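> Got a predicted model here, sequence first, then my questions.
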Amino acid sequence: MSFCFIILAGGISHRFSSNRSKPYQKIGGKSLIEIIVNKANNLKEIKKILIVFNKKDKKKLMNLKLKNIDKIQGGKSRQESTQIALKKLVKSKKIKNVLIHDAARPNFSIKLLKLIIKNMKNAKAVIPIIEVQDAIKQKYDSSLNEYIVGKNRNEFFLTQTPQCFKLHEIYGLHKNRKNKYKDDDLSLFLDLNGVKFVSGEKNNFKITVKQDFDNLKQILKSKMRTGIGFDIHRLVPKRKLYLGGIKINSKIGTLGHSDGDPVLHAIIDSLLGATKLGDIGRLFPDKNKKFKDIRSTKLLNEVIIKLNNLGYFINNIDVNIITQTPKIKKYQKKIEKLICKICNINNNQINIKGKSTEKLGIIGKEKAIACEVVSTVLSYD
Ligand code: ZN
């Protein structure tokens, strides 16, 4: 089954008091759109991701580092934007099913996506729903503020996204002018034959006001994990010296199976620790010839891809590089810049400190360089 994941990011965020549109608000260094794309990329059934954007956000969207994503400018309303996306997909003929999702709902789980896709095998639509837990009243006349009390909440439920449909079915319903669109695409169905409902997720709430965003931050923070890393390498003649991925002019360099960069090794170990993925030796064994003299920047890059694929992103990294010489201050900015690039983080998420041991011990006698790191990661799934 081939699916396209449509992300509706064409709204104007009326109720959200910020200069930046909601889909581009960041949390842990990632925008809501990036978080959603990353999750959708986890499923092999999803062959295409299509972002429907608002014209005024075009530049912001183009600035995001998103790979293999289609983009299309949306319309004046949610329905118009959806129609534009569906029309494009119908023409391509490769896609049979669509998942239509609001960019303001970044906190769905990959498990929910899998459940929806699985249920599409024998349905024409699959919709995640939430039971109503609060008491419901209906406004009888909103201008008079008169209420009919005692509506039975069991007769109601709330619909979320992603909502999944057979592409031609939903496109047909959109084209039929008789159908009234109300808030979401399920509203176009006149009867619910072939529509399956699955349990939605309370945490997959729609970010509408600032407080929703703060709640999302709290949820993600509660899933924050910490890792610690340490590494030390002997200094010997006739070896190059790499620290934090930067080559440093020196008569002596670090001994190691790889390029012997204690900074990147300690960062890798701290990240693997935070995500319970073992340690650097297990991932890149020094018995393996493949890793002989390999640049540690490549190893860190591999680890970052692994983490991102599992839904983890770096929250912050704090580094102590312990040397007698060289003094780290001179290289600090350059190292930070390189690590930010590999880890896809901003420079306010990393801190590099140089420490000496006051000429004490093997580090003080310039026989070794050590590094210690603490890092925290966020899990978006
Ligand atoms: Zn090492």
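Happy to help now that I have it.

> what's the nearest residue to the residue in the stretch 151-300 of the chain that the ion sits nearest to if we skip its chain neighbours?
For the stretch 151-300 of the chain, the residue positioned closest to the ion under C-beta to the ion is residue 265, at a distance of 3.4 Å. (C-beta placed from N, C-alpha, C; glycine too.) With C-beta to C-beta, 6 or more residues apart in numbering as the criterion, residue 265 has its nearest non-adjacent residue at 4.1 Å, and that residue is residue 231.

> And for residue 158?
Among residues not flanking residue 158 along the chain, residue 130 sits closest, at 4.4 Å (C-beta to C-beta, 6+ apart).

> Let me know the helix or strand that that neighbour is in.
Assigning secondary structure by DSSP states H and E places residue 130 in strand 125-131.

> Packing partners of that strand?
Other elements packing on strand 125-131 under the criterion 3 or more C-beta pairs under 8 Å, 6 or more residues apart in numbering; DSSP states H and E are helix 110-119, strand 157-159, strand 163-166, strand 195-199.

> strands paired with it, and their directions?
The strands beside strand 125-131 in its sheet (DSSP bridges) come out as strand 157-159 (antiparallel), strand 163-166 (antiparallel), strand 195-199 (parallel).

> What is the least confident helix or strand in the protein?
When each helix and strand of the chain is scored by mean pLDDT, DSSP states H and E, strand 146-151 comes last, with a mean of 70.

> Now do the strands in the stretch 1-150 of the chain.
Under the criterion DSSP state E, counting those that start in this stretch, the stretch 1-150 of the chain contains strands at 3-9, 26-27, 30-31, 46-53, 69-73, 97-102, 125-131, 136-141, 146-151.

> Over the third one, what's the mean pLDDT, rounded is fine.
Okay, so that is strand 30-31. The average of the pLDDT scores along strand 30-31 is 87.

> what's next to that strand, contact-wise?
Outside strand 30-31, the residues within contact range by C-beta atoms under 8 Å, 6 or more residues apart in numbering are 23, 24, 25, 38, 64, 313, 380.

> ok, so of the residues you listed, who is nearest the ion?
Set against the ion, the nearest of the contacts of strand 30-31 by C-beta to the ion is residue 313 (24.3 Å).

> my read: the closest one touches residue 376, true?
No. The pair residue 313 and residue 376 does not pass the contact test of C-beta atoms under 8 Å, sitting 10.3 Å apart.

> just to revisit the earlier point, in what helix or strand does the residue nearest to residue 265 lie?
Element membership of residue 231 [criterion: DSSP H and E] is strand 225-237.

> Report all helices and strands that that strand contacts.
Checking 3+ C-beta pairs under 8 Å, 6+ apart, strand 225-237 ends up next to strand 252-254, helix 262-274, strand 368-379.

> Tell me the buried residues in that strand?
Across strand 225-237, burial judged by 16 or more other C-beta atoms under 10 Å covers 225, 227, 229, 231, 232, 233, 235.

> Tell me which helix or strand comes right after that strand.
Counting by DSSP H and E, the next helix or strand C-terminal to strand 225-237 is strand 241-243.

> Check what contacts stretch 188-200 and list those residues.
Against stretch 188-200 from outside (C-beta under 8 Å, 6+ apart): 112, 115-116, 119, 123-130, 157-160, 170, 173-174, 176, 179-181, 186.

> For the closest residue to the ion within the stretch 51-200 of the chain, the count of nearby residues, please.
Sorted by distance to the ion under C-beta to the ion, the residues of the stretch 51-200 of the chain start with residue 65, at 28.8 Å. Neighbour count of residue 65, defined by other C-beta atoms under 10 Å: 6.

> Spit out the contact partners of the nearest residue to it once chain neighbours are set aside.
Residue nearest to residue 65 in three dimensions, not counting chain neighbours: residue 344, with 7.1 Å by C-beta to C-beta, 6+ apart. Contact partners of residue 344, counting by C-beta under 8 Å, 6+ apart, are 29, 65, 304, 308, 313, 314.

> Next, residue 344: phi, psi?
In this entry, residue 344 is assigned phi and psi values of phi 60, psi 50 (degrees, to the nearest 10).

> so what's it scoring on pLDDT?
The per-residue pLDDT reported for residue 344 equals 88.

> buried set for stretch 215-226?
Taking 16+ other C-beta under 10 Å as the neighbour-count basis, stretch 215-226 is seen to contain the buried residues 216, 220, 225.

> Turn those into CSV, including pLDDT and distance to residue 250.
As requested, these are arranged in CSV below (pLDDT from 0 to 100; distance: C-beta to C-beta, whole Å):
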residue, pLDDT, distance to residue 250
216, 93, 47
220, 88, 41
225, 96, 36
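
> want to try CSV for those residues, with distance to the ion as columns?
Written out in CSV, the entries for the buried residues of stretch 215-226 read as follows (distance: C-beta to the ion, whole Å):
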residue, distance to the ion
216, 37
220, 31
225, 22
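
> Can you name the residue of the stretch 1-150 of the chain nearest the ion?
Going by C-beta to the ion, the ion is nearest to residue 29 of the stretch 1-150 of the chain, at 26.3 Å.

> Residue numbers of the stretch 201-350 of the chain in contact with the ion?
Contact residues of the stretch 201-350 of the chain with respect to the ion, defined by C-beta under 5 Å from the ion, are listed as 231, 265.

> any idea how the chain splits into domains?
If you go by automatic domain parsing, the domain ranges for the chain are 3-222, 225-379.

> Lowest average confidence across these, which one?
domain 3-222 (a mean of 90).

> Can you give the distance of that one from its chain's centre?
17 Å (C-alpha atoms, centre = their mean, to the nearest Å).
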